[in-house]
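*Asks:* Output the structure for:
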Amino acid sequence: MLKPGIVAPDFLIKNEAGKTVSFHLYKTDCKYKLILIWSVDCSHCKDLISSLYPWYQKIKNKKLLTVFALSVDMNEQEIQKWNVAIQTFHGWIHHRCIGGINSPEINAYFILSTPTMILVDAKTNVIVSIPDKVEELPKK
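*Replies:* A predicted model of the protein is given here:
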């Protein structure tokens with residue numbers, strides 16, 4: 001079970017240069033890494049992202065955290081929508097988890113529903129919090 005104070009599970013992701021790197025070894029100047037687990041067809045995800053992305057766009061917040069958006073989209077229609085949607089969220093690191101909600105990445109985080117946010121300390125990879133709302137991020 002995930003909870004604040006434990007090390008976040010590691011997974012592989014492509015960096016901006018297209019090189020596969022470990023989440024734990026991903027270098028950022030930000031204090032935090034935010035893992036966002038979402039699906040393009042999830043209405044709750046759309047609601048969360050409609051407040052998260054504008055919040056992230058503020059310069060001080062871009063300097064505060066790096067967003068890792070992990071998609072659980074699986075079928076061809078969802079993947080097409082996801083490919084379009086990620087063009088909108090500049091600055092985020094996007095990754096589609098093969099196998100969706102049953103992928104190794106999502107299973108490691110014990111995720112059963114979307115959206116889920118996990119705030120991780122960028123230096124130690126320790127989970128700081130699991131906020132439900134964007135408004136909780138500055139408080140953590």
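
*Asks:* same question for the helix ranked longest in the chain, mean pLDDT?
*Replies:* Determined from DSSP state H, the single longest helix within the chain is helix 43-57. Throughout helix 43-57, pLDDT has a mean value of 96.

*Asks:* Show me the contact partners of stretch 7-20.
*Replies:* Stretch 7-20 is contacted from outside by 2, 21-24, 26, 35, 68, 93, 95, 104-105, 108-109, 118, 120, 124-127, using Cβ atoms under 8 Å, 6 or more residues apart in numbering. Glycine gets a C-beta too; all of them are placed from N, C-alpha and C.

*Asks:* what's the span of that stretch, first residue to last?
*Replies:* Using Cα to Cα, to the nearest Å, the end-to-end distance of stretch 7-20 comes to 21 Å.

*Asks:* What are the boundaries of the strands in the protein?
*Replies:* With strands called from DSSP state E, the chain shows them at 12-14, 20-22, 32-38, 65-71, 93-96, 116-121, 127-129.

*Asks:* quick one, which of those is nearest to H44?
*Replies:* strand 32-38 (8.9 Å; Cβ to Cβ).
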